[in-house]
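In: Any chance you could fold what I've pasted below:
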Amino acid sequence: RQLVSEFSSGIAPQTPLARVQTIWDEVVGERIAAVTDVIDEREGVVTVECSSAVWAQELELMGPRIIARLSERLDGEAPQKLRFRAAA
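Out: Below is the predicted model of the structure:
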């Protein structure tokens, strides 16, 4: 798994969106990763699509903790804000 991770990080575009997408599953865990997709980044705000409004609301409350974990993994270059929305 580490080899795949190293390979992926070597070829992945280094945009803020790509950096978050690369580590999202590890940061939030399997359960949350299964119901979310990191879909957009604009001006420091990352949008995460959730499988339901309930998940979006729950993750909104967890946002500061998730940003702190992202910041740890991204050497302080985490998004300023996470926006969670229910899938259309």
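In: and the longest helix seen in the chain, which residues are buried?
Out: In the chain, with assignment by DSSP state H, the single longest helix is helix 53-73. Residues 55-56, 59, 66-67, 69-70, 73 are the ones in helix 53-73 that count as buried (16 or more other Cβ atoms under 10 Å). The C-beta positions use only the backbone N, C-alpha and C, and glycine is treated the same way.
In: could you dump these to TSV with distance to I39?
Out: Listed next are the buried residues of helix 53-73 as TSV, based on distance: Cβ to Cβ, whole Å:
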residue	distance to I39
W55	14
A56	13
L59	14
I66	15
I67	17
R69	19
L70	16
R73	19
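In: Closest one of those residues to Q80?
Out: Using Cβ to Cβ, I67 is the member of the buried residues of helix 53-73 that sits closest to Q80, with 8.0 Å.
In: Leaving out chain neighbours, which residue sits closest to the spatially most central residue of the chain?
Out: For the chain, the residue nearest the mean C-alpha position is W24 (4.1 Å; Cα atoms, centre = their mean). Nearest non-adjacent residue to W24, counting by Cβ to Cβ, 6 or more residues apart in numbering: V38, 5.2 Å away.
In: One more: A68?
Out: Per Cβ to Cβ, 6+ apart, closest to A68 is A78, 7.8 Å.
In: Can you give me the neighbour number for the one you found?
Out: By other Cβ atoms under 10 Å, the residues close to A78 number 22.
In: and it, that one's in a strand?
Out: No: counting by DSSP: H, G, I helix; E, B strand; the rest coil, A78 falls outside a strand, being coil.
In: how many neighbours does the residue lying closest to Q57 once chain neighbours are set aside have?
Out: The shortest distance from Q57 to any non-neighbouring residue, by Cβ to Cβ, 6+ apart, is to F84 (7.7 Å). Close neighbours of F84, defined as other Cβ under 10 Å, add up to 21.
In: now swap in R31 and tell me
Out: Using other Cβ under 10 Å, R31 has 8 neighbouring residues.
In: Could I get the pLDDT score of it?
Out: Listed pLDDT for R31 reads 97.
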